[in-house]
Structures are given as C-alpha cells and as structure tokens.
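Asks: sequence plus predicted model, see below.
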Amino acid sequence: MERFSLFFLFPILLLLVQCLRGYSSSCNIDRNIKIDRVSLLLLKSYITSDPDNKLISDWSPDIPTCSWSGVSCDYGLNRVIALDISNMNLVGSIPPEIGDLSALVSLNMGGNKFHGAIPPSIFNMSSLKVLILQDNNLSSSLPEDMCKHGLRRLQKLSISGNKFYGKIPSTLDRCTQLEYISLAFNNFDGNVPRKIGNLSMLQELDLGFNTLSGDIPKEMGHLKNLKTLMMGSNKFSESVPREIGNMTALRKLYLDKNDLHGTIPKEIEHLKNLVVMEMSFNRLIGLLPSTMCNMSSLGMIRLSNNRLNGSLPREIGNMKALQILVLSDNALSGNIPEEIGNLNNLRGLHMSSNELVGVIRPSIFNASSLEVISLSNNSLTGTIPRKIEGMKELRSLLLHNNSLSGVIPWEFMTNIKEIHLSNNDFQGPISPQIGRFLNLLSLNLAENRLSGVIPSSIGNISSLENLLLYSNNFTGEIPSSICSLTSLEYLHLSRNSLEGPIPRCLGNLSKSLQVLHLKENYLHGLISSTFTEDCALQSLNLNTNRFGGMLPRSIANCQQLEVLDVGKNEIQDTFPFWMETLPVLRVVILRSNRFNGTIFPPSETNAPFPMLQIFDIGRNAFSGSLPDRYFNSFSGMIDLLEDTPIYVRLLDLYHESITLVFKGSERHIERILTIFTTIDMSGNEFSGSISESLGKLNSLRYLNLSHNNLTGHIPSSLQNVSVLESLDLSSNQLDGEIPTQLTKLTFLAVLNLSMNNLVGRIPVGTQFQSFDNDSFFGNQGLCGSPLTRSCEENSRSTTPTALPHEGDEDSDFLDGFTWLVVLLWCGIRLVIVTGFIMVYFILRYGWPVWLVRLFSSVGYDIKRGNRGHLERRTT
C-alpha cells in the first residue's frame, strides 16, 4: 500500500516541478519585457521635441509595449528585437539605458536631430545586426575597442551625416559579419586601418566626405565581395594602388576630390563589372589607358580636373555601354576621335578645358542619344557640322572659347535648353527661327562677329533666363518684344552698335532681371523709370552711351542693387541722394556726365551708402565742399580684411568690366575684390579744405581729388589709410608743407601733388624715394629730391619759403625769365647742330639743286624788296 502511494505521488510531484518551472519562465519573460519597456520610456524622456507626437501619443503605459510606434517584438521571447524611429524629426539625446535592450537585432534612429555621444552600452549589444544612426547631430569619437566585446553579429553600420571625429577604430575588422559600412559626412581623420581588408563579407564601404589622409591601403584588394567603394572628398594622397584590380566584384568606384597622383593603374581593366568610375579632382597624370576601353560594363567615366595628357585612344569607341564621359579640365591633346560616334548610348560628352585641336567631325553626331556636348575652352576650328540638325535629344551645346567660325546652323535644336557659343569667330545674323526654341533657358553668343538686328522673334522664348550677346556687331534698336521675356535674369548687350532708346517696358522686367548691361553702344533717350517696388536688379551698367535727362528715382526700389554704372553719358541731374539707403550698393559710377550742384544738403539717412566701395563722380560739375558726412559713414571702406572676389556672377562669369581712371588714364577692372576701394571726385569744382575724416577710411586704396579748387593743407590723418596705393591731389590750390606722416604709407605706388602751392622740403621716406619730378612739379615753393631745386639749411631751419601770390610780378618775371634762357640756349644748340649737318652734306654731295634754287629765289626776293624800299624812300 505504501509502495503504491509513493508510485502515485511521484508523477504528481514531477508535474508540480514542471509547473513551477513554467511559472518561473513566465515570470522571467514578463520581467524582460518590463526591462525593455523601462528602457524605451527612458528614451522617450530624453526626447525634447516630437513634432509629430508619435512617441507622446503611442508610447503610453496604457498600450502594450509591442504595439508602440516603431517597436517590433519577438512574441515567443516577449522581447523588443527592433526599434525604428527614423525620420521623425525627433530632438534629444540617447540614454545609456538603451543598452538594456539586450535582445535588439535592429536599431534605426536615423534622420532625426539626436545630439551628444553614442552611449558605450550600444557597443555591448551582442544581438545587434543593424545599427543606423545616420543624419543626426551626434558628436563623439568611436571607441577603439567597439568590436572587441560586442557587435560580433553586426552586419550594417551606418552613422553617416553626423559630427563624429577621431580615428576609425583599428578593431573594426573584429566585426567580421559586416556587409555595409557608411561613415561618410563626418570629421574622421587619420589613416584607414589596414586590417579593414580582413572584412571578407563587406559589400559596400562609404568613407567619403571626411578628412582621412595617407594612402589607400593596398590590403583593400582582399575585399573580393566589395561592390561599392566610396572614398571621395578626403585627403588621400599617393597613387591609386594596383591591388584595386583584385576587387573583381566592384561596380562603383568613387575616389574623387582627393590628392591622388601618379597614373591610372592598368590593372583597373580587370574590373569587368565596373559601372561607375569617379576619380575627378585629383592630380592623376599620364595617358588614358587604352586597355580601360575593354571594360564593357562602364557606363560612367569621370576623370575631370586632373593632369591627364596625350590623345584619346581610338578604342574608346568600343565602350558600348558608356553613357557619361567626363574628361574636362585636363591636358588632353590631339583630335577628338570620330569613333566616339559609335557610342550609341552616350548621353553626355564633357571634354572642355583641354588642348584639343582640329575640327569637330560630323561622325561624332552619330551618337544620336547625346544630350550634352561640352567642348568649350579648347582650340577647335572649322564650323559646326550641319549633321547636328539630327540631334533631337540635344539639351546643351557648349562650344564657347574655341576658334570655330562660319554661320551658326539654326535649323536644329528645337528642344535645346543651353546654347553657349561665345568667344569664337561666328558670323552672320541670328536667324528669326530662334523664336522656335521654346525650351531655351540660356543663350550666350557673346564675343563673336555676329551682325544684323536682334530678331523680334526672340520674345517668343518665354522661358529664357540668360541672354548674352555682348561684344558683337549688332545694330538697330533693342526690340520691344524682349519685354515678353518675363523669366529673364541676365541681359547683357554691351559693346555692340545698338541705337535708339531703351524700350520703356524693360523696367517691368525688374522683378526677375538681376543684370542689365548695355555698356558701350549708341543708345540715347531717357533711362527707363519703371523699376518696380520688388525690383531684383543687382547690376545696372549703361556706361558709354548717350543717355540724357535725369537719373530715374525708381532705381531706389532695387534694394538688391550692388553696381550702378552710368558713366560717360549726358545725364543732367543733381546728386542722387535717394540712393543713400540702398543697403548693398558697392559701386557708384557717375563719371563724365553733367551732374551738378553740391553734395552737402541735409539728409535724414543716418548711415548713407553703408556698403559702398567704389565712388566715382569725376568729370562733372559738382561744387561746394567735399562731402565730409560721407567720409564719416563709408563703412564699406573701413576694416576690410577679406580678399575674395565679389560680383562673381556679375563681372567674372559674364565678362563685364568697370572702367576707372588711374594716373590720368582709363583702366578696365575685370574682377573686383572685396578689398578694392576707391574714391574719385576729380575734375569737378569742389572748394574748401580736405577733411581730416578721410583718415578714418583705413581700407581706402585709391583717392583722386585732382582738378578741383581745394585749398588748405594736406591732412596728416591720411597716414591712417595704411593700404593707400594711389593718391592724386594735383591741380588744386593746396598750400603748406607735405606732411612727413605720408612717408608711413608703405603701399603708396602712385603720388601726384603737382600744380599746387606746396612749400618746404619734400619728405624723405621709403616710398617717397621712388617718386619722380612729375609727382611734385608746379609747386614753386617745394625743394629737395627729386626736384633739382635744393633747400638751404638755414632757410629750412628758420624762415619758411614764401609762396608766390597772384599778381606777384617779380615771381612771374623770374619764372618767365628762367624759361626764356632755357629756350634760347636750346635754340642756339639746335642751329649749331643743323649747320654742321648741312656743311657735311654739301662737302660730300655738292650743292643740291633745290637748295641753290631756294637761295636764288630768296636772294631775288631780297633784292626786289630792297629796290622797292629805295624807290619809296626817293619818292
């Protein structure tokens, strides 16, 4: 009986143990999900901004954890295995407790604004296979041992687009399962660990846009499964390793924007699967390997901005898959191989800025799929083949800066968007058929020999943004249909023979128009006065025309105006005070017009012309005192430090110049630097003294106040204008001594103080030793080098030299007598020399017949004159 009861109790006890085990396991499962829940709620508490309220509304204690937004669970384990809160615009930091999600397989927090460091606990998550933290503001270095303890199962690591810094961990190869690594767009520096070549399963490696340096490790040649290698925009040097040819699975290779040099290794031909090869912006040299033309899968080759030379291999026609060929900015020479016409899939041909010669062969246009032809900045000759008419897909034709000639074939390109043929030798008119190019955005035909009128049909191209026809031989008037180009941003018609008035409607384009350049034509009439309140104009250049009337006040609506040049016209107006408030105006040129009046009326503007750097109002009829108020407020001429070009779009890309006067002659300034500053008020009727406030303009480089009626002393404050390069105060009535402080102007290259009433010794200094007599002549009271007039020591130390006054007859006599003696002495020497020459010729060749006749006639006239004189006396 006892034995029976024990036998009966045993299964009951066994069942009880199993139940207890199940209860314990259930408790553990419940405890794990609670730990995960606490970790996620802590993460939520670290988030300071949730603009879409996804976590605020979803991550609630009333909702099961596995139902939260972005949370995925393994229901068997009742654990969180994936967290995806990417692209939610979340702001905050990552708490250390995120490492408690120990079952996590995938963590994606990319596309947010998390900041701070990555918690070290993340690197201990042994189950993690995917870690995506890209496109945040995270900032820290990666731990050197990041793969030493955890992350052994990691397959994808993407932390690009952050602010990580420091070295790439040398233990990265310990994460042996890695297939994808993206560390791009960070601040990593130093060398790439050579052991990275041990990651045999790696398929994509992106290290671009960092500051990595050193060589590209040859050990990377061991990455047999690598399909994408991106190492562009770093500081890699040395040459491209030959071992790169061992990565036979490679499809995309980006090594651009580094400092790589040497030749392209011939082993690259082994990359039979390569589709993209990008090595532009390096220092690669040598020939383009002809064996590379056997890479039949290549669809894009980018090798621009290197130092490749020699001619293109004719075998390039074998690359049937090629769609984009970019070889611009090298030193390639020879002819363009006609085999390029065999590339039926070619969409972009970019070979500008090389040394290519010869003609453009018609066979090149057999590649009927071409969308972009860029062959500018070479030495190509001949005409544009008419076969181009069949290029129905052509969108951009860029042939500028060559030596092409002939007539432009206009019966083509109806779908084209860009035509740039400037700086060639094309002739003939613009065909009226241009009005059919309804998709055209940019037309640049500048610097050719085109002639005729601008066709009115050009007004049909409503999409046109850039119209550049400067430096040709166009005649006639500007067609009023141009006002229909409501998208026009750049209108550049300078240096032609256009005449007539500006279409009054042109001002209506000021909402879109940024550049209006009509310089050096024969235009006349009034300047359009219809500049609208939302005017977008940045540069207005009407220099060297025949515009009259007044300067339209509606220009004040152009609040973005940087350049105003109306010099050399017939404008008759007072000074345009209404321009004082233009906030970014840098250049004002009113030179050689009929402006008049003073520049000193009261103004309510506290800081007039705040950005002005070039102020040229010379050769007008302004009068009164110099505008001291302006000298005190030209902040654009104070403390300028940068030396970078301004008006890059206005003056450099569109080849417009500004004409200024230096040393009495005009100079064309093609590019203006931010430090370029000048004030030219010469050739007016200004009177009074020169203000000491000019010394505040410590970044002023050129000052010209010549040919006025200025009096008083030269201000010593000019010594503070330490960068002054040119100073012209000539032809005024300045008196007193030359301030010795001017010798501190070590950059002064041009000095003209002539034709004044200056006295005393010319200062001795570093720069003053280089100036000649022309800088000081016409000042009777000056003495010392470089003048021949010496200064007596006693007069220098006691009595100052007296100035001659108007009506001082003694001074005038001495001055005239001195010149009379000089002229007489020169005349005597001339007679003596001429006499010796005549005697020499008479002795050698005898008396010339013409000379005998001359003396005979003279003698006859003398005798005849004497006889008549005697007869008159006797009567």
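Replies: Arrived safely. Residues are numbered from 1 along each chain as shown.

Asks: quick one, strands of the stretch 601-750 of the chain?
Replies: Secondary structure of the stretch 601-750 of the chain by DSSP state E, counting those that start in this stretch: the strands cover 614-616, 621-624, 645-646, 658-662, 665-669, 672-673, 678-680, 685-688, 702-704, 709-712, 726-728, 733-737, 750-752.

Asks: surely I384 meets G406?
Replies: Yes: with contact defined as CB atoms under 8 Å, I384 counts as touching G406 (7.2 Å). Quick note: C-beta positions are derived from backbone N, CA and C, even for glycine.

Asks: okay, the two: which has more neighbours?
Replies: When neighbours are counted by other CB atoms under 10 Å, I384 and G406 differ, and I384 comes out ahead with 24 against 13.

Asks: which residue sits closest to that one in space, ignoring its chain neighbours?
Replies: Of all residues not flanking I384 in the chain, P409 sits nearest, at 5.8 Å (CB to CB, 6 or more residues apart in numbering).

Asks: right, and that neighbour touches R386 too?
Replies: Yes: using CB under 8 Å, P409 is in contact with R386, at 5.2 Å.

Asks: of these two, which one has the most company?
Replies: Shown here are P409 and R386; by other CB under 10 Å, P409 has more neighbours (15 against 12).

Asks: distance-wise, check N752 relative to S730.
Replies: Look at N752 and S730: by CB to CB, to the nearest Å, they are 4 Å apart.

Asks: neighbour count winner among those two?
Replies: S730 (25 against 20).

Asks: helix/strand/coil for the residue nearest to I384?
Replies: Of the three states, P409 takes coil under DSSP: H, G, I helix; E, B strand; the rest coil.

Asks: check contacts around I94.
Replies: Counting by CB atoms under 8 Å, 6 or more residues apart in numbering, I94 makes contact with L43, Y46, M109, F114, G116, I118, P119, I122, L138.

Asks: can you give me phi and psi for the third one?
Replies: Listed backbone geometry of M109 is phi -120, psi 20, with angles given as degrees, to the nearest 10.

Asks: show me what contacts it?
Replies: Contacts of M109 (CB under 8 Å, 6+ apart): L83, I85, S86, L90, I94, I132, L133, N136.

Asks: the fourth one: neighbouring residues, count only.
Replies: Using other CB under 10 Å, L90 is surrounded by 24 other residues.

Asks: pull up the gap between it and N732, please.
Replies: On the measure of CB to CB, L90 and N732 end up 70 Å apart.

Asks: who's in contact with the nearest residue to R436 once chain neighbours are set aside?
Replies: Distances taken as CB to CB, 6+ apart put T414 closest to R436, at 5.5 Å, once the chain neighbours are dropped. T414 makes contact with R436, F437, L438, N439, according to CB under 8 Å, 6+ apart.

Asks: which SSE is L205 in?
Replies: Here L205 sits within strand 204-206, counting by DSSP states H and E.

Asks: average pLDDT for that strand?
Replies: Taken as a whole, strand 204-206 carries a mean pLDDT of 98.

Asks: packing partners for it?
Replies: Where contact means 3 or more CB pairs under 8 Å, 6 or more residues apart in numbering; DSSP states H and E, strand 204-206 is packed against strand 180-182, strand 228-230.

Asks: who touches the last one?
Replies: The set of residues external to strand 228-230 that reach it, using CB under 8 Å, 6+ apart, is 184, 203-208, 220, 223, 247, 250-255.

Asks: just checking: what are the partner strands of that strand?
Replies: When pairing is defined by DSSP bridges, strand 228-230 lines up against strand 204-206 (parallel), strand 252-254 (parallel).

Asks: name the residues that touch the last one?
Replies: By CB under 8 Å, 6+ apart, the residues outside strand 252-254 that reach it are 208, 227-232, 244, 271, 274-279.

Asks: again, only this time at 6 Å
Replies: Outside strand 252-254, the residues within contact range by CB atoms under 6 Å, 6 or more residues apart in numbering are T228, L229, M230, G232, V276, M277, E278.

Asks: quick check on those residues: which are buried?
Replies: In the contacts of strand 252-254, burial by neighbour count holds for T228, L229, M230, G232, V276, M277, E278, counting by 16 or more other CB atoms under 10 Å.

Asks: for E692, state which of the residues you listed is nearest.
Replies: For these, the residue nearest E692 by CB to CB is G232; the value is 56.4 Å.

Asks: the closest one: what's it in contact with?
Replies: Shown in contact with G232 (CB under 6 Å, 6+ apart): G208, Y254, D256, K257.

Asks: how near is the closest residue to P455 other than its chain neighbours to I454?
Replies: Spatially, and ignoring its direct neighbours in sequence, P455 is nearest to P432 (4.5 Å; CB to CB, 6+ apart). Distance, P432 to I454, by CB to CB: 10 Å.

Asks: now S67
Replies: For S67, the distance to I454 - CB to CB - is 70 Å.

Asks: comparing the two, which residue is more hemmed in?
Replies: The neighbour comparison of S67 against I454 (other CB under 10 Å) goes to I454, with 25 against 11.

Asks: for that one, phi and psi?
Replies: Main-chain torsions, I454, degrees, to the nearest 10: phi -80, psi 120.

Asks: with the one 3 residues further on instead?
Replies: Per-residue torsions, S457: phi -70, psi -10 (degrees, to the nearest 10).

Asks: so what's the residue count around it?
Replies: When neighbours are counted by other CB under 10 Å, S457 registers 17.

Asks: that one: what's it in contact with?
Replies: Residues near S457 by CB under 6 Å, 6+ apart: P432, G435.

Asks: just S160 next, same as before
Replies: Counted by CB under 6 Å, 6+ apart, S160 has contacts Q134, S182, A184, F185.

Asks: of the residues you listed, grab the buried ones for ChimeraX.
Replies: In ChimeraX, this line selects whichever of the contacts of S160 come out buried by 16+ other CB under 10 Å:
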select :134,182,184,185
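
Asks: nearest to N32 among the contacts of S160?
Replies: For the contacts of S160, the nearest to N32 is Q134 (29.1 Å; CB to CB).

Asks: point out where the stretch 401-550 of the chain drops to low pLDDT.
Replies: Within the stretch 401-550 of the chain, the stretches with pLDDT under 70 are 412-413.

Asks: now flag whichever of the contacts of M109 is closest to L172.
Replies: Using CB to CB, those come closest to L172 at L133, 15.8 Å.

Asks: residues near the nearest residue to the closest one once chain neighbours are set aside, how many?
Replies: Leaving aside its sequence neighbours, L133 sits nearest to I159 (CB to CB, 6+ apart; 4.8 Å). The tally of other residues near I159 (other CB under 10 Å) stands at 22.

Asks: E243 falls within a helix, correct?
Replies: Yes: the assignment for E243 by three-state DSSP puts it in a helix.

Asks: that one touches M220, doesn't it?
Replies: No: with contact defined as CB atoms under 6 Å, E243 does not count as touching M220 (7.0 Å).

Asks: of these two, who's got more company?
Replies: M220 (22 against 18).

Asks: doesn't that one fall inside a helix?
Replies: Yes: per three-state DSSP, M220 lies within a helix segment.

Asks: hmm, it is touching G197, no?
Replies: Yes: with contact defined as CB under 6 Å, M220 reaches G197; the gap is 5.2 Å.

Asks: neighbour-wise, which one of the contacts of T414 leads?
Replies: Within the contacts of T414, F437 tops the neighbour count with 23 neighbours, counted by other CB under 10 Å.

Asks: now it: how far from T414?
Replies: F437 sits 6 Å away from T414, taking CB to CB as the criterion.

Asks: quick one: contacts of stretch 765-775?
Replies: Applying CB under 6 Å, 6+ apart, the contact partners of stretch 765-775 are T743, L748, L751, N752, P786.

Asks: correction: stretch 500-515
Replies: 477-478, 480, 483, 487-490, 525, 528, 530-532, 534-539, 650.

Asks: quote the end-to-end distance of it.
Replies: 20 Å (CA to CA, to the nearest Å).

Asks: for that stretch, buried residues please.
Replies: I502, P503, L506, G507, N508, L509, S510, S512, L513, Q514, V515.
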